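# Pasting the sequence and the predicted model now:
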Amino acid sequence: MRRVLLDCDGLLSDFTRGALSVVERTLGRRHVPEDIWHWDFCKALGIVGNDRIRVMQAISDDRSFAANLPILPGALDGVRRLREIAEVHVVTSPWNTNSGWTYERERWLLRNFEIDHKHVHHSSAKYLFAGDVFVDDKASHVAEWVAAHRGKLAVLWRTLHNQTEAVPTGAAVSSSWDLLVEWVSP
């Protein structure tokens with residue numbers, strides 16, 4: 001059975017909406033997801049200096065932030081379909097300054113996707129994890145994984161916040177669960 005490695009934020013969970021909620025609560029600034037053109041949402045919104053520190057600290061202090069993120073449209077059905085044909089693991093970057101992040105992320109994945117902790121890996125060094133297919137919304141993670149796993153399929157998951165990022169050499173690009181399932185199918 002093929003092993004598929006999925007990122008969480010931007011693919012399964014709507015980190016952008018969660019971050020925008022924090023920006024509104026912390027700074028009183030209202031934005032929409034279409035305002036986010038870069039994975040660094042503060043950069044995209046022009047939040048700098050003390051305001052950036054305040055927003056990042058608010059996320060760090062919110063132990064339930066990861067637990068309350070909305071599920072992205074299509075993700076539930078897409079993961080269900082992938083699990084019928086492959087072993088699915090989630091490889092997700094932790095928010096190291098949020099003491100509840102990894103625990104809440106695992107609870108969120110179990111509650112929403114029935115993915116247990118044995119299939120969740122917390123690391124920013126995602127290239128260390130072997131699989132047949134790797135899917136992430138951050139081009140640098142995809143590029144590192146491609147370099148470490150020649151001959152395997154890496155997919156840059158296209159989102160609003162990564163439209164300006166080039167597709168790494170050797171990677172595919174998609175935001176379609178149907179296409180991803182087709183690529184993974186035996």
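Cool, the structure landed.

# Please enumerate the strands of this structure.
Secondary structure of the chain, counting by DSSP state E: strands at 2-6, 86-92, 120-122, 133-136, 153-157, 172-174.

# Redo those as a markdown table? Include mean neighbour count, mean pLDDT and distance to A75.
No exception for glycine: its C-beta is placed from N, CA and C like everyone else's. Shown next, in a markdown table, are the strands of the chain (neighbours: other Cβ atoms under 10 Å; pLDDT from 0 to 100; distance: least, Cβ to Cβ, whole Å):
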| stretch | mean neighbour count | mean pLDDT | distance to A75 |
| --- | --- | --- | --- |
| strand 2-6 | 22 | 98 | 9 |
| strand 86-92 | 21 | 98 | 11 |
| strand 120-122 | 16 | 98 | 15 |
| strand 133-136 | 27 | 98 | 11 |
| strand 153-157 | 24 | 98 | 11 |
| strand 172-174 | 16 | 98 | 14 |
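
# Distance to V23 for these - can I get that in TSV?
Formatted as TSV, the strands of the chain follow (distance: least, Cβ to Cβ, whole Å):
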stretch	distance to V23
strand 2-6	26
strand 86-92	22
strand 120-122	25
strand 133-136	24
strand 153-157	23
strand 172-174	28
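
# and of these, who's closest to V55?
strand 86-92 (20.5 Å; Cβ to Cβ).

# I'd like to know which elements that closest one is packed against.
strand 2-6, strand 120-122, strand 133-136 (3 or more Cβ pairs under 8 Å, 6 or more residues apart in numbering; DSSP states H and E).
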